[in-house]
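> got a sequence here, can you build the structure:
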Amino acid sequence: MDDADRWLEPWLSTIRERTGARPVLELGCGNGRDAAVLATAGVRVVAVDRSEPAIEMARAAVPNAEFHVADIRDPFPLAHARVVVASLSLHYFTWAETVHIVERVGDVLRDRGLLICRLNSTRDHHYGASGHRRIEDDYYLVNGRTKRFFDRSAVERLFDGWRILALEERTIHRYERPKVVWELAVEAAGAHPHGAEG
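Now for the predicted structure:
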């Protein structure tokens, strides 16, 4: 495992403290890379991904975690969690959809719950931040798939009303070419005006 894949390590003790016996909700778990890190650290994991093949790989890799095939725009499998993890999974949507997903995460976390996530940076030119068909500001059709890219102000606008504990732009080397991402941890301030559901 290279440094790019150790992004959760600084947060593992905090995650354990905050969750206790409750599971972490992971959104967009892919093949289970982060679920494995969490499970190895003794954290229960409930995870979702829209790709059935990825979920099958995750189930094989992390048999003690719970996995669901679902789009993260669909209802989450947990009504309440103390920690949500979302690595490179919240940036495929229109701005309105992204805001709605983040509001729903806030409803699940409620007061002082923790979201730890990574988002595409507007400087992530190797992976679509320039040279592709624009759909809306910083949202492009990249090789047949929609992708959103964030600058600092967009991240801060998305998490307006949350408490930002950490926010850093980083270059990671997990893929064939360097990728520029935002890594952040934010704390929910409480239910959104429309109220928590469930």
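> tell me the secondary structure at the residue lying farthest from the centre of the chain.
Most distant from the centre of the chain: Gly131, at 25.2 Å, with distances by CA atoms, centre = their mean. The three-state label for Gly131, taken from DSSP: H, G, I helix; E, B strand; the rest coil, comes out as coil.
> what do you get for Arg177?
Applying three-state DSSP: Arg177 is coil.
> OK, contacts around it?
His126, Tyr127 (CB atoms under 8 Å, 6 or more residues apart in numbering). No exception for glycine: its C-beta is placed from N, CA and C like everyone else's.
> rerun at 6 Å
Shown in contact with Arg177 (CB atoms under 6 Å, 6 or more residues apart in numbering): His126.
> distance of it relative to Arg145?
Distance of Arg177 to Arg145, computed by CB to CB, to the nearest Å: 17 Å.
> if I read this right, Ser87 contacts Arg118, doesn't it?
Yes - with contact defined as CB atoms under 6 Å, Ser87 reaches Arg118; the gap is 4.8 Å.
> find the residues that touch each one of the two.
Contacts common to Ser87 and Arg118, judged by CB under 6 Å, 6+ apart, are absent.
> tell me how far the ends of stretch 78-92 are from each other?
22 Å (CA to CA, to the nearest Å).
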